[in-house]
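Student: Predicted coordinates and the sequence they were generated for:
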Amino acid sequence: MTARILIIEDEALVAMELRFVLEDLGHEVVGTAADAPSARALAAETEVDLALVDIH
């Protein structure tokens, strides 16, 4: 099953690596966001099955 995934990560290199791994596994990364406001905007304009969120 292919998932539509939103990556929320403030470290650009980590977000890029996550994208590469997820796409290699056959998933669709619908976007990346570095902060909560950007993530909310992306989630509002596209269908998302899963959000990977960096919390700290």
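Tutor: Looks like it came in fine.

Student: Tell me the buried residues in stretch 32-51?
Tutor: Neighbour counts over stretch 32-51 (16 or more other C-beta atoms under 10 Å) mark 32-33, 39, 42-43, 48 as buried. Every C-beta, even on glycine, is put in place using the N, C-alpha and C of the backbone.

Student: quick one: which of these sit in helices?
Tutor: Cross-referencing these against helices under DSSP state H gives 39, 42-43.

Student: ok, so of the buried residues of stretch 32-51, who is nearest Met1?
Tutor: Checking the buried residues of stretch 32-51 against Met1 by C-beta to C-beta gives Val48 as the nearest, at 14.6 Å.

Student: Please list all residues in contact with the closest one.
Tutor: Residues in contact with Val48 (C-beta atoms under 8 Å, 6 or more residues apart in numbering) are 4-6, 30, 42.

Student: show me where the protein has helices.
Tutor: With DSSP H, the ranges of helices along the chain come out as 12-24, 36-45.

Student: ok, residues contacting the last one?
Tutor: With C-beta under 8 Å, 6+ apart as the test, helix 36-45 has contacts from 6, 8, 30-31, 33, 48, 51, 53.

Student: Could you list which of those belong to strands?
Tutor: With strands defined by DSSP state E, the entries of the contacts of helix 36-45 inside them are 6, 8, 30-31, 33, 51, 53.
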